[in-house]
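K.L.:
Build me a model from this:
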Amino acid sequence: MGDSKLSDDPITVPIEVQFRDIDAFGLVNNAVYLSYLESARIKYWLSMRGKCDLQDLNYVIAHVEIDYISPSHLGEILQIGVRVSSMGKKSFTFEFCIVGPDPEHPGKDRLVARARSVQVLYNQETRQSMLISDALRTQIEKFEGRPLE
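P.N.:
Model (predicted):
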């Protein structure tokens, strides 16, 4: 996974850690981070597409990996940065950077987790993967503000 910093990400999503998110140790349960990533992915995609219709979420998740760096606690406000790091013919990769407040250094952030997910464009009607069109590729690159491989 890359060394994404929030300043590199076109979208940053704030999420407050809720009571339902924590485990018996008082920490955010590892599985909950998948929901956090989902929120960031959806915000990115709909913002990039300029729409807010669920029909525009035309991808499925093929792979997700998360590196947990430091624990999060009830009431913390986490910032989840997301960006597209690469595109193939039918798939693209999101990279995520999750940061939270650093209790030892007020006003500074600490790295909570890094994650990566691979999405495949998907046609619900035909139930098959789709090619990333040149128009969509251009739209993503414009939103990212940089060319992608």
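
K.L.:
C-alpha from now on. contacts and neighbour counts both.
P.N.:
OK.

K.L.:
residue ranges with poor pLDDT in this structure?
P.N.:
Applying pLDDT under 70 to the chain flags residues 1-7.

K.L.:
In CSV, list the C-alpha atoms belonging to the helix ranked longest in it.
P.N.:
Assignment by DSSP state H gives helix 32-49 as the longest helix of the chain. Output in CSV follows, covering the C-alpha atoms of helix 32-49 (Å, rounded to 0.1, in the frame of the first residue of the first chain):
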residue,chain,number,x,y,z
VAL,A,32,-16.0,-2.0,11.3
TYR,A,33,-13.2,-0.4,9.3
LEU,A,34,-14.7,-2.1,6.2
SER,A,35,-17.9,0.0,6.7
TYR,A,36,-15.8,3.1,7.1
LEU,A,37,-14.0,2.3,3.8
GLU,A,38,-17.4,1.8,2.1
SER,A,39,-18.6,5.2,3.2
ALA,A,40,-15.5,6.8,1.8
ARG,A,41,-15.7,4.8,-1.5
ILE,A,42,-19.3,5.8,-2.0
LYS,A,43,-18.6,9.5,-1.2
TYR,A,44,-15.7,9.5,-3.7
TRP,A,45,-17.6,7.8,-6.5
LEU,A,46,-20.8,9.8,-6.3
SER,A,47,-18.8,13.1,-5.9
MET,A,48,-16.6,12.2,-8.9
ARG,A,49,-19.6,11.3,-11.0
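
K.L.:
Which residues does the next helix or strand after it contact?
P.N.:
Remark: after helix 32-49, the chain's next helix or strand is strand 59-68, criterion DSSP states H and E. Contacts with strand 59-68, where a contact means Cα atoms under 8 Å, 6 or more residues apart in numbering, come from 112-123.

K.L.:
hey, what's residue 116 bridged with?
P.N.:
residue 65, residue 95 (DSSP bridges).

K.L.:
Touching, it and residue 97? I think so.
P.N.:
No: counting by Cα atoms under 8 Å, residue 116 stays clear of residue 97, with 9.0 Å between them.

K.L.:
So for those two, which residue has more residues nearby?
P.N.:
The residue with more neighbours, out of residue 116 and residue 97, is residue 97; 27 against 21, by other Cα atoms under 10 Å.
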